[in-house]
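Student: what follows is a predicted structure for the sequence shown.
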Amino acid sequence: MASTLITPDLDAVVSEVHIAAPPERVFQALIDPRQVKSWWTSDQCQIESFTIEPRKGGRWTYDTKKSSLNVNGVSQFHCDGEVLEYDPPRLLAYTWIANWHEDKAARTVVRWELSPKSGGTLLKVTHSGLTNLPASRKDYSGGWTGVVEQLKKFVEQ
């Protein structure tokens, strides 16, 4: 079961989950577009494309099909950014610029940390830079829980 909290300074949402698979397997599920398209999707919000240049300084993008969801007037979601840290299978961090944020130019950061633990991987996702995005912060406090649970289910199957 995933746990999620908002940091006291209201800057970040932090989600953690234990996945019964080695860090190498979990990391591949984060960077392989074919795998990402299998798990980072739902009936309500279907992924259309995911690309990543798996290296520091590389670019990444995420796009969905038109959705029944509506977040800040957006129903077809796009985010992209630059890979800031790339240290497989331990760490992946990238900027996250999303078309559904209150401030569409806001540059936030998503950081995936993977640690071997209890016959599997402790995955910690920190989405920071949310101080001035209160609606987005609230959405992410529920959204990241679902994302890491979907990843866990996919990797463990």
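Tutor: Looks like it arrived, so ask away.
Student: please count neighbours and contacts with C-alpha atoms only from this point.
Tutor: Will do.
Student: tell me how many other residues surround residue 20.
Tutor: The number of residues packed around residue 20, counting by other C-alpha atoms under 10 Å, is 20.
Student: now do the one 10 residues further on
Tutor: One way to gauge burial is a neighbour count; for residue 30, by other C-alpha under 10 Å, it gives 19.
Student: residue contacts, it?
Tutor: Under the criterion of C-alpha atoms under 8 Å, 6 or more residues apart in numbering, the neighbours of residue 30 are residue 36.
Student: which strand or helix spans it?
Tutor: Element membership of residue 30 [criterion: DSSP states H and E] is helix 23-31.
Student: pull out the buried residues from that helix.
Tutor: 23, 25, 26, 27, 29, 30, 31 (16 or more other C-alpha atoms under 10 Å).
Student: got TSV for those residues, with distance to residue 9 and pLDDT too?
Tutor: Listed next are the buried residues of helix 23-31 as TSV, based on distance: C-alpha to C-alpha, whole Å; pLDDT from 0 to 100:
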residue	distance to residue 9	pLDDT
23	30	98
25	33	98
26	30	98
27	29	98
29	31	98
30	28	98
31	30	98
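Student: let's have the residues you listed in JSON lines, adding distance to residue 64.
Tutor: Conversion of the buried residues of helix 23-31 to JSON lines gives the following (distance: C-alpha to C-alpha, whole Å):
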{"residue": "23", "distance to residue 64": "27"}
{"residue": "25", "distance to residue 64": "25"}
{"residue": "26", "distance to residue 64": "22"}
{"residue": "27", "distance to residue 64": "22"}
{"residue": "29", "distance to residue 64": "18"}
{"residue": "30", "distance to residue 64": "17"}
{"residue": "31", "distance to residue 64": "17"}
